[in-house]
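>>> Fold the stuff below for me.
(one chain, ligands or ions: 1)
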Amino acid sequence: MNHKGLGLIIVLIIAVTVAFAGCTSSDDTPAKPQVNVSEKPVYIVGIDGDYAPYAFIDSDGNAQGFDVESVKWIAENQGFEVKIQPMAWDSIIPSLQNNKIDMVYSGMTITPERKEVVDFSIPYWVVNQSVAVHEDSGYTFDDFKNGTLVIGAQSGTTGQIWVEKNLIETGLMPKENLKATYPNFPLVAEDLKIQRIDAAIYDKPPMLKAIAGKPIVIVGEINTGEEYGVAVRKGDTELLNTMNAGITTLMADPYWEELKTKYEMA
Ligand code: ARG
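Next up is the predicted model:
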């Protein structure tokens with residue numbers, strides 16, 4: 001073979017190699033949502049299973065609640081399937097980032113800090129923080145605001161952050177007085193019931209549910225006016241647009257009022 005022929009073969013080999021190398025790049029593209037037989041995408045929804053009335057596990061082990069029924073309705077309306085995944089609240093954002101879930105629909109407040117790491121839907125609910133004490137203690141809302149009580153909060157919540165910003169960072173309360181290692185709020189309510197802590201702070205609707213039937217009373221409300229949104233992975237605009245469309249449609253549908261009545265949230 002002359003030099004020209006050899007050169008041509010080498011050029012061909014390189015061209016073929018490059019062409020096939022191009023094919024492997026498809027492995028790097030993001031995984032498509034799981035597709036079932038009906039060809040609908042399946043999205044995994046992360047919830048805290050101890051967050052009545054928004055998300056909780058009933059006595060039969062089924063996920064229930066205002067948020068759970070909302071996302072099921074939205075799925076039907078927008079043409080996707082859902083798998084509800086209960087998990088620890090303080091690892092719910094990392095789980096979203098690590099692709100273990102596709103969204104958080106569990107009473108998550110839209111905050112500037114969280115917006116740095118996830119994208120939020122339009123708001124669908126507004127709540128305030130509430131403060132509760134044991135009914136025998138005689139503690140008041142002023143005792144709470146003066147920083148003289150031992151306060152319990154669920155780990156990684158806006159209630160914990162409120163105490164840090166307004167009582168600890170201002171020097172009103174020593175940081176040891178905030179017990180915010182509780183993985184869920186029912187455990188905070190249990191500790192308040194046996195007076196291992198003096199007060200508890202939490203979003204008002206789940207506070208009301210958690211203290212029902214216990215010797216615990218709400219002594220004050222903090223007007224945080226915080227808005228709940230659905231969190232999706234940063235840049236997941238397809239799912240974000242779907243959820244925004246679904247929430248808008250749901251909130252204009254009579255089913256929204258039915259849900260509010262069913263979960264006593266009017
Ligand atoms: N709204 C508060 C927050 O976003 C409390 C949420 C707690 N939600 C839950 N599913 N445990 O921090």
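>>> Okay, now the sheet partners of the top strand by length along the chain, with direction.
What stands out as the longest strand in the chain, according to DSSP state E, is strand 216-233. Strand 216-233 sits in its sheet next to strand 103-109 (antiparallel), strand 118-120 (antiparallel), strand 125-134 (antiparallel), going by DSSP bridges.
>>> so where do the strands sit in the protein?
Under the criterion DSSP E, the chain carries strands at the ranges 42-47, 50-51, 55-57, 63-64, 81-86, 103-109, 118-120, 125-134, 151-154, 178-182, 199-203, 216-233.
>>> export these to CSV and tack on distance to Thr140?
No exception for glycine: its C-beta is placed from N, CA and C like everyone else's. Below are those laid out as CSV (distance: least, C-beta to C-beta, whole Å):
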stretch, distance to Thr140
strand 42-47, 34
strand 50-51, 28
strand 55-57, 31
strand 63-64, 35
strand 81-86, 36
strand 103-109, 26
strand 118-120, 35
strand 125-134, 8
strand 151-154, 14
strand 178-182, 19
strand 199-203, 10
strand 216-233, 6
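>>> What residues does the stretch 51-200 of the chain have near the ligand?
When proximity is defined as C-beta under 6 Å from any ligand atom, the stretch 51-200 of the chain approaches the ligand at 51, 55, 89, 106-109, 157-158.
>>> Just the pLDDT at Leu12, thanks.
On pLDDT, Leu12 comes in at 44.
>>> ok so, going back, check the offset of the longest strand of the chain from the chain's centre.
Chain-centre distance of strand 216-233: 13 Å, with C-alpha atoms, centre = their mean, to the nearest Å.
>>> So for that strand, mean pLDDT?
Summarised as a single mean, pLDDT over strand 216-233 is 98.
>>> where in the stretch 1-150 of the chain is pLDDT low?
Along the stretch 1-150 of the chain, the model assigns pLDDT under 70 to residues 1-38.
>>> which residues of it fall in helices?
3-24, 66-78, 92-97, 112-115, 141-145 (DSSP state H, counting those that start in this stretch).
>>> and Tyr54, what is it in contact with?
65-68, 106-107, 205-206, 263 (C-beta atoms under 8 Å, 6 or more residues apart in numbering).
>>> wait, His134 sits on Gln195?
Yes: contact status for His134 versus Gln195: in contact at 5.3 Å, counting by C-beta atoms under 8 Å.
>>> For these two, indicate the residue with more neighbours.
It is His134, of His134 and Gln195, that has more neighbours when counted by other C-beta atoms under 10 Å, with 19 against 13.
>>> related to what we said a few turns ago, with distance to Phe141 and neighbour count as extra columns, can I get the residues of the stretch 51-200 of the chain next to the ligand in JSON lines?
Below are those laid out as JSON lines (distance: C-beta to C-beta, whole Å; neighbours: other C-beta atoms under 10 Å):
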{"residue": "Tyr51", "distance to Phe141": "24", "neighbour count": "29"}
{"residue": "Ala55", "distance to Phe141": "28", "neighbour count": "28"}
{"residue": "Trp89", "distance to Phe141": "26", "neighbour count": "24"}
{"residue": "Ser106", "distance to Phe141": "28", "neighbour count": "26"}
{"residue": "Gly107", "distance to Phe141": "23", "neighbour count": "25"}
{"residue": "Met108", "distance to Phe141": "26", "neighbour count": "29"}
{"residue": "Thr109", "distance to Phe141": "21", "neighbour count": "21"}
{"residue": "Thr157", "distance to Phe141": "19", "neighbour count": "25"}
{"residue": "Thr158", "distance to Phe141": "18", "neighbour count": "22"}
